[in-house]
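Asks: My questions concern the predicted model and sequence given below.
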Amino acid sequence: MSRRSGILEFAVLGLLREAPMHGYELRKRLNTSLGIFRAFSYGTLYPCLKTLVANGWLAEEPGSAPEDALAASLSGRRAKIVYRLTPAGKEHFEELLSHTGPDTWEDEHFAARFAFFGQTEREVRMRVLEGRRSRLEERLEKMRASLARTRERLDDYTLELQRHGMESVEREVRWLNELIESERAGRDRLRSGPESSAQQDHTTGEAGGLPRHGGSTRPDPSDDTTK
């Protein structure tokens, strides 16, 4: 399985954990809610769905049939297939959510993981965020070293492009620092006593981790400039 198909399977399982959907709804959610899948097509989605069904992680169910069966037959319309997460699929998705290996720090995989942080345990979120920050700090160090070596040979536009890329990475590192500090503060509130219960996260039963900044702009984890 390619890395990209693995990310798609993860995202499909995560969306279907929220509610059963048919293929059109899934593609719409993938395109609008998870920007890293904007270029995906039905030709990519349906083989993924068939694989998940074959693995026993999804079940196919008939959707609502057209009201006029004769008209539907003449037009060639059929009832849409609805995909539902099976108990085995839910268990598999929870295993994927607990994974914190280096692949979860990469650009596309991190964006998909972050989209489902509301369903992820706090300690796992922390490890993924810290791993992503470490990966970007390494990338930033290499970019700075490369720029220092080649600065004199670059024209103004190429130099500006490299600076833009560095600024994008620096901005995401600052964003990750905010998230990590907020997660730590939420964990400390949770440990401090019963008074923290009013701040619990509705999906994980833990204090919420997102910093709240009115009007601030957070970087898109799938921003190509960070690659």
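Replies: Cool, got the structure.
Asks: so what pLDDT did G23 get?
Replies: On pLDDT, G23 comes in at 89.
Asks: Hmm, it is touching L45, no?
Replies: Yes - counting by Cβ atoms under 8 Å, L45 is a contact partner of G23 at 6.3 Å. From N, CA and C alone the C-beta is placed, and that goes for glycine too.
Asks: what about the most centrally placed residue in the chain, distance to H99?
Replies: Taking Cα atoms, centre = their mean, the centroid of the chain lies closest to A112, which sits 1.6 Å from it. According to Cβ to Cβ, to the nearest Å, A112 and H99 sit 12 Å apart.
Asks: ok, now R163?
Replies: 35 Å.
Asks: that older thread, what's the separation between the residue nearest to the centre of the chain and A185?
Replies: With Cβ to Cβ as the criterion, A112 and A185 are 26 Å apart.
Asks: Could you do S98 as well?
Replies: 23 Å.
Asks: do the same with G118
Replies: G118 is 18 Å from A185, by Cβ to Cβ.
Asks: Can you identify the element that follows the helix or strand of the chain with the lowest mean pLDDT toward the C-terminus?
Replies: In the chain, the helix or strand scored least confidently by mean pLDDT, DSSP states H and E is helix 69-75, which has a mean of 47. Using DSSP states H and E, the helix or strand that directly follows helix 69-75 along the chain is strand 81-85.
Asks: Specify the angle between whatever helix or strand comes next after that next one and strand 81-85 in degrees.
Replies: Using DSSP H and E, the helix or strand that follows strand 81-85 towards the C-terminus is helix 87-97. When axes from the mean of the first three to the mean of the last three Cα atoms, to 10 degrees is applied, the directions of helix 87-97 and strand 81-85 differ by 60 degrees.
Asks: Summarise which helices and strands helix 87-97 is packed against.
Replies: helix 3-18 (3 or more Cβ pairs under 8 Å, 6 or more residues apart in numbering; DSSP states H and E).
Asks: Quickly run through the sheet partners of the helix or strand following the helix it packs on, with directions.
Replies: Downstream of helix 3-18, the next assigned helix or strand under DSSP H and E is strand 21-22. Partners of strand 21-22 in the sheet, by DSSP bridges, are strand 81-85 (antiparallel).
Asks: between the strand it pairs with and helix 3-18, how many degrees?
Replies: Using the same axes, to 10 degrees, strand 81-85 lies at 90 degrees relative to helix 3-18.
Asks: Scan this structure for its longest helix.
Replies: helix 156-192 (DSSP state H).
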